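S.K.: Quick one: sequence plus predicted model below, questions after.
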Amino acid sequence: MFEDETSKIEKLISENLKQIETERSTEEKQILRKLQYFQEGYLLRDITRVENWVKELMDEEVQIIGTNSVFPGEFEWRSGYKAAYELFENDWKNWGSVKLYLENADISIDNETAWVMIFATVTRDTTKEKNRTFEASKLRSLSRIKEICDKNLPSSRALYEIINDASSVLVQYERSEIFVWPIRITLGFLKKKNNWLIKQIHFSWPGRGFQAVRFLSD
């Protein structure tokens, strides 16, 4: 089942990605090698290597924006080596499998600066992760529902919040217990001493309909 589902998803992705028609330049190939090493980190997930991996790939003042943080200064919106060590170690321990479609990477170079846009996927087989199974997610939903009940919200608002939380969990797992999320990764590179280094990296989810995070007056 997993193989059939993955095959269908890969077919959909390949039909929608832009094909690179021209031969890569020497500089683009150098950047691609850096991106391949970036991908290797997520494949191996060897946290004993994370510091060396960061230093080989990134500028000392690298700026990173992940998918979770809302404000600058939060865990996934920070700068520098220390932030990079912590963020990527956490990813390798806790995130899903990350696949970058490097052959379709859009690379633009201007002298000593380059910008890259990459389509990627994050995959979780929740049946193989004890804290991500359907049962574990339902129990977390029940815990959140209890918190909603304890907040003393107006009754209609509380019921809507409960319905929203419970239905979200049920719908997602009804679709499949294999989660494959599309993600966009953009990177800014600087060339220093003939070496391309990542200066900025930004992970983002595509958004449709109502956004997951909003500000509320209460």
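M.R.: Arrived safely, thanks for sending.
S.K.: Can you list the buried residues in the lowest-mean-pLDDT helix or strand in the chain?
M.R.: Every helix and strand in the chain was compared by mean pLDDT, DSSP states H and E; the lowest is helix 2-16, with a mean of 85. Buried residues in helix 2-16, defined by neighbour count with 16 or more other CB atoms under 10 Å: residue 13. For glycine as for every other residue, the C-beta is placed from the backbone atoms N, C-alpha and C.
S.K.: next structured bit after it?
M.R.: helix 26-44 (DSSP states H and E).
S.K.: Residue 168 looks like it's in a helix, true?
M.R.: Yes: Residue 168 sits within a helix when classified using DSSP: H, G, I helix; E, B strand; the rest coil.
S.K.: Off-centre distance for the least confident helix or strand of the chain?
M.R.: Relative to its chain's centre, helix 2-16 lies at 19 Å (CA atoms, centre = their mean, to the nearest Å).
S.K.: Show me what it is packed against.
M.R.: In this structure, helix 2-16 packs against strand 113-125, strand 178-192, with contacts taken as 3 or more CB pairs under 8 Å, 6 or more residues apart in numbering; DSSP states H and E.
S.K.: measure residue 117 to residue 200 for me?
M.R.: 13 Å (CB to CB, to the nearest Å).
S.K.: oh, I was asking about residue 58
M.R.: Separation of residue 58 from residue 200 (CB to CB): 10 Å.
S.K.: now residue 64
M.R.: 8 Å.
S.K.: ok, these two, which is more surrounded?
M.R.: When residue 64 and residue 200 are compared for neighbours, residue 64 comes out ahead with 21 against 18, by other CB atoms under 10 Å.
S.K.: what about that one, which SS state?
M.R.: strand.
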